[in-house]
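**Student:** Sequence and predicted structure below; questions after.
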Amino acid sequence: MSKPYVLGIDIGGTNTVFGIVDARGHVVASDSIKTRKHSNFDDYIKELHTEAMRLLKSNDAVDEIQGIGIGAPNANYYTGEIQNAPNLPWGNGNLPLAEKVSMAFNGIPVAVTNDANAAALGEMTYGAARGMKDFIMITLGTGVGSGIVINGQLVYGHDGFAGELGHVIMKRNNGRVCGCGRTGCLEAYCSATGVARTAREFLELRSDPSSLRNLDIENITSKDVYDAAVAGDKLAKEIFEYTGTILGEALADMVAFSSPQAIVLFGGLAKSGDLLLRPLRETFEKSLFPIFRGKTKIILSELKESDAAVLGASALGWEAKFRYEAPVAFNQTVSSNTPMVSVPVPKPE
């Protein structure tokens, strides 16, 4: 008997990773292409299709793909488009990602969402949030992303862009400028980039000794700070204390609006161990509205980092399969009970 698979695709600013995933969450095989190789979006889709088909053929999976899930920056689940993603090379308009990919793969159902939402789906399907109906996924990487699950469903909002918790404002006065253009965002403090910015500020404003002073201040990374803290550097430890405190305050505020069973942390910064988690958890419990204290766990992702992006996207691929069983024309008006596949565009419930 043939084995059903989905294709999971994660579009990053540098690389696009894609993989064949079975129903148990096993990544059968994966590969990647350079996202920025083509300045033309259609040329990019053509190469993605060519390389993905090569992977499928080499694994006897060409006719076994049931759905395709894609995680991408500024990807809108409702429209199937990438909308004004500043870190992608194809301009600032709306790119019909689901439509183009489904057409390239002969009408296989496609669903898209942003990368943090895809991570939340992956965690709920294969990882630490299995069996949970209410949780928040926080990705701590170059930026801070989030996916919010309430009653077993991702929260997309009326326009498909709900859940940008990395851009809640933590510093109302004299906050750092964020990459989004606003000031004081959580991302400007609690991302890997934010940790490096804190290190530069501490080194410039303070005079206490630190091994970080031996490095080029403009090129300090969060890993440099972590390595120094592990080696016992007091200033580096204080940087993590500062970061964990801000993140703990932010997570306590997030609990107030959705009362999640857990907050799942993912990404390189989440691997800092007690350097980050101790001040985070202490501040979190102290900052919670009293009725929520002791009820929400802060846990680490169980997804293997090398597979996490593909697994997250693949979870969306299974959703695409089950949601779009009957083919209809792209953007055709249908009743709310009619599933949509073949270049699908999901509609809000």
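**Tutor:** Yep, it's here.
**Student:** Every contact and neighbour count from this point should use C-alpha atoms.
**Tutor:** Fine.
**Student:** Now do the helices for the stretch 101-250 of the chain: every range, in order, please.
**Tutor:** Here the stretch 101-250 of the chain has its helices, by DSSP state H, counting those that start in this stretch, at 115-126, 187-190, 192-205, 222-230, 234-258.
**Student:** what's the most buried one of these?
**Tutor:** Of all the helices of the stretch 101-250 of the chain, helix 187-190 carries the top mean neighbour count, a mean of 28, counting by mean count of other C-alpha atoms under 10 Å.
**Student:** Would you mind telling me which of the helices of the stretch 101-250 of the chain is nearest Ile299?
**Tutor:** helix 115-126 (11.5 Å; C-alpha to C-alpha).
**Student:** In terms of secondary structure, what does that closest one contact?
**Tutor:** Under the contact criterion of 3 or more C-alpha pairs under 8 Å, 6 or more residues apart in numbering; DSSP states H and E, helix 115-126 touches strand 65-71, strand 135-140, strand 144-150, helix 305-323.
**Student:** The closest residue in space to Asp22 that isn't next to it in sequence and Ala23, how far apart?
**Tutor:** Using C-alpha to C-alpha, 6 or more residues apart in numbering and skipping the chain neighbours, the partner closest in space to Asp22 is Tyr5 (4.7 Å). Distance of Tyr5 to Ala23, given as C-alpha to C-alpha, to the nearest Å: 7 Å.
**Student:** Look at the two and report which has more neighbours.
**Tutor:** When neighbours are counted by other C-alpha atoms under 10 Å, Tyr5 and Ala23 differ, and Tyr5 comes out ahead with 27 against 15.
**Student:** For Ala309, see how far away the more buried one is.
**Tutor:** Tyr5 is 16 Å from Ala309, by C-alpha to C-alpha.
**Student:** you'd agree Ser287 is up against Ala252?
**Tutor:** Yes. The pair Ser287 / Ala252 is scored as a contact, 5.9 Å apart, by C-alpha atoms under 8 Å.
**Student:** Compute the distance from the centre of stretch 155-170 to the centre of its chain.
**Tutor:** With C-alpha atoms, centre = their mean, to the nearest Å as the basis, stretch 155-170 stands 13 Å off its chain's centre.
**Student:** low-confidence ranges in the chain?
**Tutor:** Scanning the chain for pLDDT under 70 picks out 1-2, 323-349.
**Student:** Centroid-nearest residue for it?
**Tutor:** Closest to where the C-alpha atoms of the chain average out (C-alpha atoms, centre = their mean) is Ala116, at 2.1 Å.
**Student:** In contact with the residue nearest to Asp22, which residues?
**Tutor:** 20-23, 61, 64-67 (C-alpha atoms under 8 Å, 6 or more residues apart in numbering).
**Student:** cutoff 6 Å now
**Tutor:** By C-alpha atoms under 6 Å, 6 or more residues apart in numbering, the residues touching Tyr5 are 21-22, 64-66.
**Student:** sorry, back to before: so can I have JSON lines of the helices of the stretch 101-250 of the chain showing distance to Asn15?
**Tutor:** Formatted as JSON lines, the helices of the stretch 101-250 of the chain follow (distance: least, C-alpha to C-alpha, whole Å):
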{"stretch": "helix 115-126", "distance to Asn15": "13"}
{"stretch": "helix 187-190", "distance to Asn15": "22"}
{"stretch": "helix 192-205", "distance to Asn15": "19"}
{"stretch": "helix 222-230", "distance to Asn15": "21"}
{"stretch": "helix 234-258", "distance to Asn15": "28"}
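**Student:** Ok, which of the ones you listed comes nearest Lys37?
**Tutor:** Each of the helices of the stretch 101-250 of the chain has some distance to Lys37 by C-alpha to C-alpha; the shortest is helix 115-126, at 20.4 Å.
**Student:** What distance do you get for the residue located most distally from the centre of the chain to Glu201?
**Tutor:** For the chain, the largest distance from the centre (C-alpha atoms, centre = their mean) belongs to Ser207, which lies 37.4 Å off. For Ser207, the distance to Glu201 equals 11 Å [C-alpha to C-alpha].
**Student:** Quick check: buried residues in stretch 51-61?
**Tutor:** 52, 55-56, 61 (16 or more other C-alpha atoms under 10 Å).
**Student:** List the residues that contact Thr142.
**Tutor:** 191-193.
**Student:** Now flag whichever of those residues is closest to Val144.
**Tutor:** Within the contacts of Thr142, the smallest distance to Val144 is 5.6 Å, found for Ser191 (C-alpha to C-alpha).
**Student:** which residue packs closest to that closest one, ignoring adjacent ones?
**Tutor:** In this structure, Ser191 finds its nearest non-sequential neighbour in Gly143, 5.0 Å apart by C-alpha to C-alpha, 6+ apart.
**Student:** For that neighbour, grab the count of nearby residues.
**Tutor:** Applying other C-alpha under 10 Å, I find that Gly143 has 20 neighbouring residues.
**Student:** Check Arg24 too.
**Tutor:** 9.
**Student:** Show the contacting residues for it.
**Tutor:** Under the criterion of C-alpha under 6 Å, 6+ apart, Arg24 has no contact partners.
**Student:** go again using 10 Å as the cut-off
**Tutor:** Going by C-alpha atoms under 10 Å, 6 or more residues apart in numbering, Arg24 touches 5, 125-126.
**Student:** Over to it. Which of the three states is it?
**Tutor:** coil (DSSP: H, G, I helix; E, B strand; the rest coil).
**Student:** coming back round to it: might you report the residue contacts of the residue farthest from the centre of the chain?
**Tutor:** Counting by C-alpha under 10 Å, 6+ apart, Ser207 makes contact with Arg213.
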